[in-house]
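Chemist: build me a model:
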Amino acid sequence: MKKIEAILQPEKVEDVRMALEKAGRAGITIIEAKGNGKQKGVYKQFRGVKYKIPLLQKVKIEIVVNDNQVDETVKIIVDSARTGEIGDGKIFISSIDSAIKIRTGEQGETII
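Modeler: Just a heads-up that it's a prediction; the model follows:
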């Protein structure tokens, strides 16, 4: 099993969620976040005064999938989140050693 964590622009979350749902990927977690990448924030101007916003609004989506679903799931996220502009986000993939359904105690890939 793999956990896919995607940091996205907030306005792309619904597109990504719907694309994952359409592909049969259930069980996602969506977390509001703030952060920055290499750009280290953005500069804005208000009433002639320039100021820096160091942390930008982002959304983190987490989903756990079987190993054979990783490539397709990543493609779905990239295709539905890409704008081609700086700040589109990042995807991180990590291994999951175990998964347990709290209600039943079931374990393993069958619970995802």
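
Chemist: secondary structure element for residue 3, which one?
Modeler: Using DSSP states H and E, residue 3 sits in strand 2-8.

Chemist: any idea which helix or strand comes after the helix of greatest length in the chain?
Modeler: Ranked by residue count under DSSP state H, the longest helix found in the chain is helix 70-81. Next along the chain after helix 70-81, taking DSSP H and E as the criterion, comes strand 89-95.

Chemist: each with direction, which strands does that next one pair with?
Modeler: Strand 89-95 has the following strand partners under DSSP bridges: strand 2-8 (antiparallel).

Chemist: could you pull up the mean pLDDT of stretch 31-50?
Modeler: In this model, stretch 31-50 has a mean pLDDT of 81.

Chemist: can you give me the end-to-end span of it?
Modeler: In terms of Cα to Cα, to the nearest Å, the two terminal residues of stretch 31-50 are separated by 30 Å.

Chemist: so that it lines up with my notes, have the first residue be 375 from now on.
Modeler: OK, 375 is where the count begins now, so the last one is stretch 405-424.
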